[in-house]
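A.B. asks: Here is a sequence together with a model predicted from it:
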Amino acid sequence: MKNNLRIISSNDGSHTIYREDIDEHYHSIHGSIQESIHVFIEAGLKTFIKKNKKKEINILEIGFGTGLNALLTNQETKQLKQIVNYHTLEPLPIECSLIKNLNFKKINSKVFSLIHNLEWNCNHSINNFFTFFKEKITFEDFNSKIKYDIIYYDAFGPNSQKEMWTLDVFEKLYSLLNSSGILVTYCAKGQVRRDLKSVGFEMERLPGPIGKREMLRASKI
Ligand SMILES: C[S@@+](CC[C@H](N)C(=O)[O-])C[C@H]1O[C@@H](n2cnc3c(N)ncnc32)[C@H](O)[C@@H]1O
């Protein structure tokens, strides 16, 4: 997964990756860091913590990619003194030669290198607040004995990866959440919202990050 990929700068100066074969970016071109903070950290992690007092929170991310969401989550958990067990799925890891040129290093270069260099498919303790497990697998093949409190749903969009936005996938996502768990995604398509609702989620349309009108939060009640 190298020749197909190239680094570009998004509008907030932070990098993202463009994947040529499917004409998709890994983040919003309006700003990758601002998008990740808005959708996953603010509307996901911080909202969940405000509503639920849990000693430990289990997060599942679909699509590890550049590791930006993991990096920002690690940073936030230290500030909030919240224990998080972070489990992320990725079938197509990005080559290190590309990763090392991303300017996300400025967030925390030590942790950024660590999460990329750690062995796949086993659990690692990054610090007292953050355990990290990256699994080289597709979501379709993934099974779990544990349930999650928050899902960061960060697959490529329905136009290029429609198999990730089906009712079967949404039912599986629902079943992977604890009751009172939430799923957040940058995608705000009407059909996605209606389909998530039809498998049992309570849906909220929230203001989107810069450059996008809306995003979605789905709650398991
Ligand atoms: C929009 S990018 C998001 C990347 C990431 N969260 C980040 O911050 O860089 C989508 C990611 O989903 C991964 N992906 C593609 N198909 C997948 C599948 N079937 N299951 C899980 N992840 C998948 C891609 O390889 C890519 O890394």
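C.D. replies: The structure has been received and is ready for your questions. Residues are numbered from 1 along each chain as shown.
A.B. asks: for the top helix by length along the chain, packing partners?
C.D. replies: The longest helix of the chain (DSSP state H) is helix 68-80. Counting contacts by 3 or more C-beta pairs under 8 Å, 6 or more residues apart in numbering; DSSP states H and E, helix 68-80 is packed against helix 32-36, strand 56-62, strand 83-89, helix 109-117, strand 123-127, strand 130-135. For glycine as for every other residue, the C-beta is placed from the backbone atoms N, C-alpha and C.
A.B. asks: quick one, helices of this structure?
C.D. replies: Using DSSP H, helices in the chain cover 32-36, 47-51, 68-80, 96-99, 109-117, 167-176, 190-198.
A.B. asks: can you pull the buried residues of the shortest one?
C.D. replies: Under the neighbour-count criterion of 16 or more other C-beta atoms under 10 Å, helix 96-99 has Ile99 buried.
A.B. asks: Spit out the contact partners of the spatially most central residue of the chain.
C.D. replies: Residue closest to the average C-alpha location in the chain (C-alpha atoms, centre = their mean): Tyr152, at 3.8 Å. Neighbour list for Tyr152: 40, 44, 59-62, 69, 184 [criterion: C-beta atoms under 8 Å, 6 or more residues apart in numbering].
A.B. asks: Enumerate the beta-bridge partners assigned to the spatially closest residue to it that is not a sequence neighbour.
C.D. replies: Ranked by C-beta to C-beta, 6 or more residues apart in numbering and with sequence neighbours excluded, the top spatial neighbour of Tyr152 is Glu61, at 4.2 Å. With DSSP bridges as the criterion, Glu61 is bridged to Thr88, Tyr152.
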